[in-house]
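Q: Sequence unavailable; structure follows:
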């Protein structure tokens, strides 16, 4: 552990904090253009956050500290992962102990905090949203964990930095069937975890259909700004992890300034590309019936399981 | 329309109404009167054979005890609850005489349409509340929604009793938009009332304007020439077009297929601009007058062809999405039996296989009858299909008529009488009943199809899951303003 790894962590954190809302803005912009509208500028989420930060904060009268703490927990967990995950370099702080499963569970703490806060509001929508979000979460986690297992097979390690490093050194790992199946499962997981179509419609105004939006209905002002920031950071992290597992090209192998700049540009460009692809996909699809979601998520689980089986057989 | 009016005693009402319903008549409108001539109620029955029968009954002004037809016809039970709230006429024998129009804000014993009710009173806080039947059992919880919603929706409060995600019971509390229209029009000239009629439900300006106009023409015996009727038919179909196109997009948007919504809105805008060119108003106000109809221009064939092609592209693109079709299919099923029992009308009834269309059942001389579009499955998909096919049918009507230069007949409307007007608007039949004394409207009763169709929404929700409610609601797309006058 040295100073350079902390510099890497700081740069990664700055990238995710600044870039998360921009990614959200980019995806909305792409969607607007494909629907024949001009759409807001990609800086719009940042403008919204800045505006909300200056607004009055209202909280439900019956809510407790859980409601107040949840936005902070959401942002803090996202910031922790942004600092420690191998996003722009293979030398983030505490690289030796960055376990993939730990990363997932740290992010999960943020989701659970929001769900608890939604229950804490005591409103019907909060309870409904929490019930739906946790149901989906319970179906997503197995797929995610099995996908991690498949990715960890070649190295016999669930160390995230090591897995990404292995992929950047040996391209053959990246095209292995086990790796590809796990990543296919990962796509389903990301769409579900970040509340995108066909799982949830992030742009709906229909309260009764909401999943993740229902969780945050009672937030306002600075709290809502934090929630918006936290959710966009999580989206950026998921997509960042995904692109580095799919194509780690450009990820800095050392903490040198030039390599870091290259790594930053590379991961930003890759995430923007994948975000655009997700937005294009969202335009061309619709939202699944709620009771069909288990089928989709079971499909993700099966893909991950096949990844493990092929990985074990081919050894 | 072949009409007949019978003045009967209150004792004969149930027998007469039972015989009419058995003959295939439906109760289309009930109007109360409380003036110097006493307390009266008229019951307007319509049959699809272009017949109508009006029963006129007088009730005792002091006891205000009426007779309930609730066991003869379900719509009658709703009209009677309305009569009690507005006039204080007690429907003796009504099984569930709860408040309908009346809100808990109204002062005790206030019946706004009763003689001498006076101006609108000071409203009290909602003290009585609005008790909902609570469903009890393990895991049952309630979701209250509205009357203020997140989107641009009219006010309505919906109370869901839910287990998990399955709706056990949905109760709608509407009537947040009472405007006192029936009182407002009293004593006004026909032209003044026409302006108000066009604004009863903003998306049905032609249907309500024309229903009122027809009622006036019926009351005063004004003959209308075929040229004028042809223009009115075009206006009515133009209204159906822009509303159906809007719904085709909104239904797709409610299942997250925003691309179709974006396309539908551009088609809608094209239609609204066409409306403006043809009538001077994007929502088609001011076309219909008593004895006349004014169009400034005619749509060209290429324009209509282009709209038809764009709608066809929109609907085929939407139905090519397997997720969309999956969401529409089997969602919010309203059976044909339920439609018949509840007296559902219009588009919703046709999507459940009931062959009702006022354009055919009460035809106007000189106006071609468009084909009646039916579906049988009664789900959201059926209502989508009916809308899609009615767009094509409406376009063919407009195309066939395409009246040339503007004609404008103005008949001076004077005289006295009572008349009924029926118009198949885009939601269903709009019925107006008017009484005129020396050129002044003394009483206007309006029935928007939404009044008859709202109860069916709750029935269609049985076995539906909560996140599908907005979709089912949109597929009905009922009016709150037209429901609550």
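A: Good, I have the coordinates. These numbers come from a predicted model, not from an experiment.
Q: what residues does chain B put near chain A?
A: B:141-145, B:149-151, B:165, B:252, B:254-259, B:261-263, B:266, B:321, B:323-324, B:326-327, B:465-470 (C-beta under 8 Å from any C-beta of the partner chain). (Glycine included, C-beta is placed from N, CA and C.)
Q: what's the burial count for residue B:168?
A: Look at residue B:168: counted by other C-beta atoms under 10 Å in any protein chain shown, it has 14 neighbours.
Q: dump the residue contacts of it.
A: By C-beta atoms under 8 Å, 6 or more residues apart in numbering or on different chains, the contact set of residue B:168 is B:135, B:140, B:161, B:162.
Q: What about those, which are in strands?
A: Secondary structure from DSSP state E places B:140, B:161, B:162 of these in strands.
Q: Show the contacting residues for the second one.
A: The contact partners of residue B:161, by C-beta under 8 Å, 6+ apart, come to B:134, B:135, B:140, B:141, B:142, B:167, B:168, B:169, B:170.
Q: picking up where we left off before, from the ones in strands among the contacts of residue B:168, which single one is nearest chain A?
A: For the ones in strands among the contacts of residue B:168, the minimum distance to chain A (C-beta to the nearest C-beta) is 8.3 Å, reached by residue B:162.
Q: Can you verify my assumption that the closest one contacts residue B:142?
A: Yes - the pair residue B:162 / residue B:142 is scored as a contact, 7.3 Å apart, by C-beta atoms under 8 Å.
Q: Tell me which of those two has more neighbours.
A: It is residue B:162, of residue B:162 and residue B:142, that has more neighbours when counted by other C-beta under 10 Å, with 20 against 14.
Q: low-scoring stretches of the stretch 51-200 of chain A, by residue?
A: Within the stretch 51-200 of chain A, no range satisfies pLDDT under 70.
Q: residues from it in reach of chain B?
A: The stretch 51-200 of chain A comes close to chain B at residues A:124, A:125, A:127, A:128, A:132, A:197, A:198, as judged by C-beta under 8 Å from any C-beta.
Q: chain center to the helix or strand that contains residue B:218: distance?
A: Using DSSP states H and E, residue B:218 maps to helix B:205-220. Mean C-alpha position of helix B:205-220 versus that of the full chain (C-alpha atoms, centre = their mean, to the nearest Å) differs by 14 Å.
Q: helices or strands next to that helix in the packing?
A: In terms of contacts (3 or more C-beta pairs under 8 Å, 6 or more residues apart in numbering or on different chains; DSSP states H and E), helix B:205-220 is packed against helix B:190-197, helix B:226-254, strand B:288-289, strand B:417-424, strand B:429-437, strand B:440-447.
Q: Throw these into JSON lines and include distance to residue A:4, mean pLDDT and mean neighbour count, thanks.
A: Listed next are the helices and strands packed on helix B:205-220 as JSON lines, based on distance: least, C-beta to C-beta, whole Å; pLDDT from 0 to 100; neighbours: other C-beta atoms under 10 Å in any protein chain shown:
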{"stretch": "helix B:190-197", "distance to residue A:4": "77", "mean pLDDT": "94", "mean neighbour count": "20"}
{"stretch": "helix B:226-254", "distance to residue A:4": "51", "mean pLDDT": "93", "mean neighbour count": "24"}
{"stretch": "strand B:288-289", "distance to residue A:4": "80", "mean pLDDT": "92", "mean neighbour count": "25"}
{"stretch": "strand B:417-424", "distance to residue A:4": "77", "mean pLDDT": "94", "mean neighbour count": "23"}
{"stretch": "strand B:429-437", "distance to residue A:4": "76", "mean pLDDT": "95", "mean neighbour count": "25"}
{"stretch": "strand B:440-447", "distance to residue A:4": "78", "mean pLDDT": "95", "mean neighbour count": "22"}
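Q: Include distance to residue B:83 when you put the ones you listed into TSV, please.
A: Output for these, formatted as TSV (distance: least, C-beta to C-beta, whole Å):
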stretch	distance to residue B:83
helix B:190-197	21
helix B:226-254	30
strand B:288-289	29
strand B:417-424	18
strand B:429-437	14
strand B:440-447	11
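Q: Of the ones you listed, which is nearest residue A:191?
A: For these, distance to residue A:191 was read as C-beta to C-beta. The smallest value, 19.5 Å, belongs to helix B:226-254.
Q: going on from that closest one, what's the next piece of helix or strand?
A: helix B:258-279.
Q: Relative to residue A:123, how far out is the residue of chain B positioned farthest from its centre?
A: Distance from the centre of chain B peaks at residue B:138, with 39.1 Å (C-alpha atoms, centre = their mean). Residue B:138 sits 22 Å away from residue A:123, going by C-beta to C-beta, to the nearest Å.
Q: ok, back up a step: could you pick out the buried ones from the residues of chain B next to chain A?
A: For the residues of chain B next to chain A, a burial check counting by 16 or more other C-beta atoms under 10 Å in any protein chain shown picks out B:143, B:145, B:149, B:165, B:252, B:254-259, B:261-263, B:266, B:321, B:323-324, B:326-327, B:465-470.
Q: ok, and the closest non-adjacent residue to the residue of the stretch 151-300 of chain A found nearest chain B?
A: Among the residues of the stretch 151-300 of chain A, residue A:287 lies closest to chain B, at 3.3 Å counting by C-beta to the nearest C-beta. Leaving out its chain neighbours, the residue that sits closest to residue A:287 by C-beta to C-beta, 6 or more residues apart in numbering or on different chains is residue B:256, at 3.3 Å.
Q: give me phi/psi at the one you found?
A: Torsion angles at residue B:256 (phi, psi; degrees, to the nearest 10) stand at phi 80, psi 10.
Q: correct me, but it touches residue A:195?
A: No - between residue B:256 and residue A:195 there is no contact under C-beta under 8 Å: 11.6 Å.
Q: residues touching residue 296, list them.
A: Going with chain A. Each residue near residue A:296 by C-beta under 8 Å, 6+ apart is listed here: A:188, A:192, A:198, A:199, A:288.
Q: wrong one, I was asking about chain B
A: Residue B:296 sits next to B:277, B:278, B:279, B:280, B:406 when contact means C-beta under 8 Å, 6+ apart.
Q: Am I right that residue B:197 is in contact with residue B:209?
A: Yes - if you go by C-beta under 8 Å, residue B:197 and residue B:209 touch, sitting 5.4 Å apart.
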